[in-house]
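[1] turn this into a model:
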Amino acid sequence: MFGRERIEIKTPEQVVAMRRAGLLTHAALESARAALRPGITTRELDAVAAEVIRAGGGTSNFLGYHGYPATLCISVNHVVVHGIPGDQVLAEGDVVSIDGGAVVDGWHGDSAFTAIVGEPADPADVELVETTRRALWAGIAALDRRGRVGDVGAAVEDAVDGRFAIVDGYTGHGIGTAMHMAPEVLNHRARERGPKVRPGLCLAVEPMCTRGGVETDVLADEWTVVTSDGSRAAHWEHTVAVLEEGLWVLTAPDGGASELGPLGVRVPQE
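    Residues are numbered from 1 along each chain as shown. I've put the predicted structure just below:
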């Protein structure tokens, strides 16, 4: 632990244990991605991911979390985050964000992606999804400079470059023996730059952007977050560990090498 926020610092052995949770998280989300098609319900997608986590010897860290009723959060079009799977049938052109995580031997993984069902309805949806994805990797890469956690948000803001709105009030977080831990990881610049980045720090970086404004509302189910203006949203997330020898993206099968290498970031060999 370090700092007033009691941030959990992992040993290299503990990071390896977290990698197992990260890979199972990836497998669960990829199973949902593969099943994504017009006509499928969000509940059916949730069941696909739940089976992968069960078969992999893990448990969902979303199911039962403060009463949350599903394995995944599936957020469609104007839903930003925390959409509850149910009877909604996905249609061609829907923008779908899928967020989930797994626990293996007490360690947590957390990841999210946004995809378009079938053919895009609007080129701006494609740009929204891709800009948010690039912002995720820019934010992760900022950790390699070993500055402050707030550098992540500055990098995300620079990558979005005003093309879309960065959702207000929702952030990334520390992760390890719990899903949500200190420190908070903002998606924009702030005067307070947060704690120092050092080896053993593990974070979930997760930018969220919209085609409209930054304001959101929470629906009556007390989970579903929607854009106030009805604009479409995107959400990407990875769990990343800071190591002495570089960055290791625990929820990416290649550790993040394909995305971080071109950005000049060191990714250790497994």
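[2] please enumerate the helices of the protein.
    12-35, 42-55, 123-142, 150-160, 257-260 (DSSP state H).
[3] ranking the ones you listed by burial, who's on top?
    helix 150-160 (a mean of 22; mean count of other C-beta atoms under 10 Å). For the C-beta atoms, the positions are set from N, CA and C on the backbone; glycine is no exception.
[4] how about residues contacting it?
    Identification of contacts with helix 150-160 by C-beta atoms under 8 Å, 6 or more residues apart in numbering yields 131-132, 134-136, 138-143, 145, 166, 172, 185-190, 192-194, 197, 203, 205, 207, 209.
[5] run the last query once more with 6 Å
    If you take C-beta atoms under 6 Å, 6 or more residues apart in numbering as the criterion, helix 150-160 is touched by 134-135, 138-139, 142, 166, 185-190, 193-194, 205, 207.
[6] distance from that helix to the middle of the chain?
    Distance, stretch centre to chain centre, for helix 150-160: 15 Å (C-alpha atoms, centre = their mean, to the nearest Å).
[7] that one to helix 123-142, inter-axis angle?
    Inter-element angle recorded for helix 150-160 and helix 123-142: 150 degrees (by axes from the mean of the first three to the mean of the last three C-alpha atoms, to 10 degrees).
[8] any idea of the mean pLDDT for helix 150-160?
    The pLDDT scores in helix 150-160 average 98.
[9] now do stretch 262-270
    Mean predicted lDDT for stretch 262-270 stands at 91.
[10] repeat that for stretch 62-82.
    Rounded mean pLDDT across stretch 62-82 is 98.
[11] buried stuff in that stretch?
    Neighbour-count burial for stretch 62-82, counted by 16 or more other C-beta atoms under 10 Å, picks out 62-63, 68, 70-82.
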